[in-house]
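K.L.:
build me a structure from this.
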Amino acid sequence: METLEVVPDPVSLVESMRSVGYSVEAAVADIVDNSLSAGASTVRIQYDASENPFVAILDDGKGMAPDELTNAMRHGSSNPVDQRGTDDLGRFGLGLKTASLSQCRKLTVISSKTGTITARRWDLDVVRETGRWLVVVPDELEFEKMPMFTRLRAQDSGTLVVWQDLDRLTAGARDVQKEMTSKMAPLLEHLALVFHRFTQKEGLHSAVSITVNGMSLPLRDPFLASNQFRQELEGQTIRHDRGTVEVSPFVLPPISRLSEEEIETAGGRDGLRGTQGFYVYRGRRLVIWGTWFRLVPKHEFYKLTRVRVDIPNSFDDLWALDIKKSAAYPPDAIRDRLKLLIPHFAEKSRKAIVYTGRRSGKNTEVVPLWDRFEPKHGSFSYQVNINHPLIAKLCESMDADQQRHMQTVFEHLAVSLPYDQIYADMCSDKPQDADNQIDHLVDMARIILELTGLDVAKVLGIDPLARFPTMHEAIKVRLADV
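P.N.:
Modelled structure (predicted):
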């Protein structure tokens, strides 16, 4: 069999690879992956859009010896089919180079290990001029001037990645500083979500400190583990020849039980509705999120559902993981199992949204102010509950004619409910105005106590007091002080 070796042209290939489609935040995340794989406990990201713009990422990981760094600068430095350590976040051996050069023309990597500091650089102008895959070896006087180098030298080990000549990051900009600042704006939010399990202690894993220009990443937790009203549903372990997939479903508390900070923590800039669905983690690193993989459409009733899916890196090819680690799709066997679980998750979410304290099943202690009826399939209506203690007490003081007039008022209220506006407000993920809320609830509890003669425990189970369980203890204290 005759064969011919066809060597790719360095200039054409490297310029083409720059157009893989990295956003700046995805590119920085790829570099952070390398830091975490190197065992870093601190990752510092710094950028400057002034006279000589740069982006620099410094970690305190194990660092690289000269030969290791040279190999790391090689395109395809590792085979994606080779078995990796369970904590290795890489795959293709392209991330460092492809991610960096998607944003800049000059990539310098300086690494410290066992007292030796080594530097290597990809300079695309050198590749263009020579037509060869030549990596520059900067002299010590040159790399000592790099941003954050003094920090690297002060560490026992670590790696510093510096992007310069940011042609893609500032392409077409009249105001380079303004353009770079604008493009870097999503960075904090993106890193906070993608690495949220790393920045918090989890099991035997210590928290990793990640900062951007000295600012720590904001807290993000799509599952609101600290909220006592979050529901953790029964999970599943899906077994496969390559390993296991752990599926852990959660239903977030209703909006009324979430603070504005918690809504931000769970939904970020995309809100609760936009971030419902599966959250796929590879080695605790979030790969793709806020999707149902087209198994069901996104729906208002599902917006409180989050399903954590943990996959090992041995599943990369099965999940069609891309170079940017920003897209993945489950294989049919796993997709079918996930599809069977969705109705169970979604029903719990629907109940949490429809009414946080509605009387249903075992929850017979809550007395709602509004009752929902389905007179026929596909239709519904709401009516005032005339058995609500306040309504019943009011009716007791009326004669028959007055009660009929009151019933007419209730019927008008029912047919006049602004459903469209209520739905729009619920979709906005905005909590109800909490100003003076505790004072209002205490006054309401006091009135119900006086009118009905019920004990405090039963009064707190009456709508709307039943909607605010987090305030019940405070209400009891205030009532006891009277």
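
K.L.:
secondary structure element for Val287, which one?
P.N.:
Here Val287, judged by DSSP states H and E, is contained in strand 285-291.

K.L.:
ok, the following helix or strand past that strand: who's next to it in the sheet?
P.N.:
Per DSSP H and E, the first helix or strand lying C-terminal to strand 285-291 is strand 305-311. When pairing is defined by DSSP bridges, strand 305-311 lines up against strand 243-251 (antiparallel), strand 277-282 (parallel).

K.L.:
average model confidence for strand 305-311?
P.N.:
The average pLDDT for strand 305-311 rounds to 91.

K.L.:
stretch 419-437 too?
P.N.:
pLDDT averaged over stretch 419-437 equals 65, rounded to a whole number.

K.L.:
same question, stretch 396-415
P.N.:
The pLDDT scores in stretch 396-415 average 84.

K.L.:
list the buried residues for it?
P.N.:
By neighbour count on 16 or more other CB atoms under 10 Å, the buried set for stretch 396-415 is Met406. (C-beta placed from N, C-alpha, C; glycine too.)

K.L.:
cool, and stretch 40-53?
P.N.:
Neighbour counts over stretch 40-53 (16+ other CB under 10 Å) mark 40, 42-47, 49, 53 as buried.

K.L.:
list of residues touching it?
P.N.:
The contact list for stretch 40-53, computed with CB atoms under 8 Å, 6 or more residues apart in numbering, reads 28, 32, 35-36, 54-61, 147-148, 151, 158, 164, 166, 169-170, 176-181, 184, 187, 191, 206, 208-214.

K.L.:
now list the buried members of the residues you listed.
P.N.:
28, 32, 35-36, 54-61, 147-148, 151, 158, 164, 166, 169-170, 179-180, 184, 187, 191, 208, 210, 212.

K.L.:
inside strands: which ones of those?
P.N.:
54-59, 158, 164, 210, 212 (DSSP state E).

K.L.:
pull the most distant pair out of the residues you listed.
P.N.:
Farthest pair in these (CB to CB) is Gln164 and Ile210. Separation: 22.1 Å.

K.L.:
Arg257 is in contact with Pro469, correct?
P.N.:
Yes - here Pro469 lies in contact with Arg257, judged by CB atoms under 8 Å, at a distance of 7.3 Å.

K.L.:
shared neighbours, those two?
P.N.:
Common neighbours of Pro469 and Arg257, using CB under 8 Å, 6+ apart, are Phe229.

K.L.:
re earlier: what angle do the strand holding Val287 and strand 305-311 make?
P.N.:
Strand 285-291 and strand 305-311 meet at an angle of 140 degrees, taking axes from the mean of the first three to the mean of the last three CA atoms, to 10 degrees as the criterion.

K.L.:
now strand 285-291, how far from the centre of its chain.
P.N.:
Mean-position distance between strand 285-291 and its chain equals 7 Å (CA atoms, centre = their mean, to the nearest Å).

K.L.:
and stretch 31-44, by the same measure?
P.N.:
Taking mean C-alpha positions (CA atoms, centre = their mean), stretch 31-44 and its chain are 19 Å apart.

K.L.:
that one: end-to-end distance?
P.N.:
11 Å (CA to CA, to the nearest Å).

K.L.:
my guess is Asn385 contacts Trp370. True?
P.N.:
Yes - counting by CB under 8 Å, Asn385 touches Trp370, with 6.3 Å between them.

K.L.:
anything in contact with each of these two?
P.N.:
Contacts common to Asn385 and Trp370, judged by CB under 8 Å, 6+ apart, are Asp463.

K.L.:
quick check: Cys144 vs Arg153, distance?
P.N.:
Small correction: residue 144 is Glu, not Cys. Remark: distance between Glu144 and Arg153 (CB to CB, to the nearest Å) = 8 Å.

K.L.:
same thing with Thr452?
P.N.:
Shown here: Thr452 relative to Arg153, a distance of 74 Å by CB to CB.

K.L.:
Ala400 too?
P.N.:
Ala400 is 91 Å from Arg153, by CB to CB.

K.L.:
likewise for Asp463?
P.N.:
Counting by CB to CB, the separation of Asp463 from Arg153 is 65 Å.

K.L.:
tell me where the stretch 1-150 of the chain has strands.
P.N.:
Assigned by DSSP state E, counting those that start in this stretch, the stretch 1-150 of the chain shows strands spanning 42-48, 54-59, 106-113, 116-123.

K.L.:
of the ones you listed, which approaches Pro253 most closely?
P.N.:
Across the strands of the stretch 1-150 of the chain, the minimum distance to Pro253, taken as CB to CB, is reached by strand 42-48, at 32.2 Å.

K.L.:
what lines up beside that closest one in the sheet?
P.N.:
Counting by DSSP bridges, strand 42-48 is paired with strand 54-59 (antiparallel), strand 209-212 (parallel).

K.L.:
give me the domain ranges for this protein.
P.N.:
Per automatic domain parsing, the structural domains of the chain span 10-216, 231-354, 370-481.

K.L.:
quick one: closest of the ones you listed to Glu2.
P.N.:
The closest of the domains of the chain to Glu2 is domain 10-216. By CB to CB, the value is 24.7 Å.

K.L.:
quick check: pLDDT value at the closest residue to Arg197 other than its chain neighbours.
P.N.:
Nearest in space to Arg197, with sequence neighbours left out and distances taken as CB to CB, 6 or more residues apart in numbering, is Arg284 at 4.5 Å. Note on Arg284: pLDDT of 93.

K.L.:
surely Arg284 touches Phe198?
P.N.:
Yes - in this structure Arg284 lies within contact range of Phe198 using CB under 8 Å: 6.4 Å.

K.L.:
between these two, what contacts are shared?
P.N.:
Contact criterion CB under 8 Å, 6+ apart; residues bridging Arg284 and Phe198 by contacting each: His205.

K.L.:
looking at those two, which one has more neighbours?
P.N.:
Legend: neighbour count by other CB atoms under 10 Å for Arg284 and Phe198, higher for Phe198 (25 against 16).

K.L.:
how much space separates Glu374 from Tyr382?
P.N.:
Glu374 sits 11 Å away from Tyr382, going by CB to CB.

K.L.:
quick one: contacts for the residue nearest to Arg197?
P.N.:
Arg284 sits next to 197-198, 202, 205, 310 when contact means CB under 8 Å, 6+ apart.

K.L.:
which among the strands of the stretch 1-150 of the chain is found nearest to Leu295?
P.N.:
Closest of the strands of the stretch 1-150 of the chain to Leu295 is strand 42-48, at 35.1 Å (criterion: CB to CB).
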